[in-house]
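Participant: Have a look; sequence and predicted model below, questions after that.
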Amino acid sequence: RYASLVDWLDSPFTQAVDSKRRWLAYYASLEDEYDKSVFGESYSLRDLYMPLNAYHETRDGESHPQSTGRARRTEADEEGPEKAVITRHVVPLEEYLNSWLAEPTPNYPLLLISGGPGSGKSSFLKHFAASLGLKDRSVLFIPLQHLEYDRQISTALENYVRRHPILQDAVDLSGHCELILLFDGLDELSMAGVHGLESARDFVGALKQFLNRVKGSSFNVRAILSGRTLAIQADRSYGWDEGQVLHLLPYFTPNDDREEATGEKKFEFDDPQALLGRDYRCDWWARLHQLMGSKNLGAPDLFLKAPFDTLTSQPLLNVLIAISMSGPADKALQIDEKTNLNHVYAHLLHRVWERNEERGVNRIDKADFNTAMEGVAAATWHGNGRTADVEAIQKHVDEGLLQGFSEEAESSVYSLLVGFFFQGGGRNSAGQNVYEFTHKSFGEYLTARSILTRLQDLMEAHDTRQRKPRQGKDVQECLVEWTEH
């Protein structure tokens, strides 16, 4: 009936208009991601974001075009006994990337961002993606754990775009004039199977081939790939160019990280903007106090001294400590010289439980809640390190308890902790719900707790057998059960 009307409305510009509309909607979704609440608190990533610095290395004193000055150290060259000169050039990360994107023909179409857990890799890429979207740059932010990669980059990208709820057919990978790819989490791909590191190397190699293949054509593609330090180091065999690998710097670099015990410098950084001399923790805490309406300025004095130099040097750790310290004095985490990250995580678990007790919404007791959290961690440890399906979790958590835990995890009450550290990872090929750690460091903490809890249970079972021969477990039974944990 409406065929004639549709034909009349259709024009050569219809597809282009629809594509533009989808891109604008996608840019809006990047902004929404950037504005999401942090840990269920009243502030967002945008509110707390602090610009990051990084460094790249050159050998034999050859400065990168975007750096000035020279500083060096000597170390045994991997290829022989002679000394090699290593220079570390400190740069503002976002400024460096924007300069690289502005180059018509850069030396390389791929940059790598390397950093440890909680160093701000993912947060930076979310910030950078939203920033590029505001400039109407064609950018795709792609978490690698959600990319179905099978040795073909172009196919993986096409499938990712086609299945995206917003983009779908808006991206023409064969004829788009510009595309900026932000791949987050090389280590996520490296944990995809038994041969994880091999998968990561294969992905990096295929990505380089894909970028080199389209280089010089009308299809201008640049890519930025982030990953944990070990995952990036595993791909050294590719022989990265100088300035191609950027290592994230913490908010503060203690002198111990720059000098030997004798006072001799480990590295003489090329730092023309004096970025290393600034303590960004003070700026971060000042911003947090402003958001919370507090009159305090800067970081607590204790955080500016050892041993908190390292504990508060990373973005994620500052947020966790701030949350643990919030609330009434009798319930807030008491920070002293013996505090470490494990204390912070343990206190977060405790605080979540207390908050729910105050609201009268707990439906499973605290011990069961902790057991379920540890069970999910143990299941992911036996799997790919990040996700686990219900069948795997049921091997470590009672099914009835898991059901109660699932109901709690999906409620807004647990958004502070569970909503941040756990999230639904969709469904696997068998149609089962998948649970996913959004931050590895918390998963590692819970895994360690799970291992310790299991060892304690087995020790108690063995002690019981010693006292009561018909009860408990003998050594062989304990060992069998431990291997199945």
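Facilitator: Done, it's in. Numbers count the residues shown, from 1 in each chain.
Participant: all helices of the stretch 101-250 of the chain, in order?
Facilitator: Counting by DSSP state H, counting those that start in this stretch, the stretch 101-250 of the chain forms helices over residues 121-134, 153-163, 186-190, 196-214, 229-233, given from the N-terminal end onward.
Participant: burial of V397, as a residue count?
Facilitator: For V397, the neighbour count with other Cβ atoms under 10 Å is 22. The C-beta positions use only the backbone N, C-alpha and C, and glycine is treated the same way.
Participant: hmm, I was thinking of D301
Facilitator: Around D301 there are 7 residues (other Cβ under 10 Å).
Participant: thinking again about what came up before, looking at the helices of the stretch 101-250 of the chain, which is closest to D301?
Facilitator: Each of these has some distance to D301 by Cβ to Cβ; the shortest is helix 121-134, at 26.4 Å.
Participant: and the closest one, what other elements does it pack with?
Facilitator: Contact partners of helix 121-134 among helices and strands, from 3 or more Cβ pairs under 8 Å, 6 or more residues apart in numbering; DSSP states H and E: helix 14-34, helix 45-48, helix 93-102, strand 110-115, strand 139-143, strand 178-184, strand 220-228.
Participant: orientation of that helix relative to helix 14-34 in degrees?
Facilitator: On the basis of axes from the mean of the first three to the mean of the last three Cα atoms, to 10 degrees, helix 121-134 is oriented at 140 degrees to helix 14-34.
Participant: Mind listing residues that contact helix 121-134?
Facilitator: 26-27, 30-31, 33-34, 45-46, 49, 52, 93-94, 97, 113, 115, 139, 141, 143, 180, 182, 184-185, 224, 226-227, 248, 315 (Cβ atoms under 8 Å, 6 or more residues apart in numbering).
Participant: Could I get the buried residue list for the helix or strand encompassing E460?
Facilitator: Take DSSP states H and E as the rule and E460 turns out to sit in helix 440-467. Buried positions in helix 440-467, judged by neighbour count with 16 or more other Cβ atoms under 10 Å: 440-447, 449-451, 453-454, 458, 461, 465.
Participant: Lowest-confidence entry in these?
Facilitator: The weakest per-residue confidence within these falls on K440 (66).
Participant: follow-up on the earlier one: highest average neighbour count across the helices of the stretch 101-250 of the chain?
Facilitator: helix 186-190 (a mean of 26; mean count of other Cβ atoms under 10 Å).
Participant: Mind giving me the packing neighbours of that helix?
Facilitator: With contacts defined as 3+ Cβ pairs under 8 Å, 6+ apart, helix 186-190 has these neighbours: helix 196-214, strand 220-228, helix 229-233.
Participant: do you know which of the ones you listed lies nearest M373?
Facilitator: Put simply, out of the helices and strands packed on helix 186-190 the one that sits nearest M373 is strand 220-228, at 23.0 Å, with distance taken as Cβ to Cβ.
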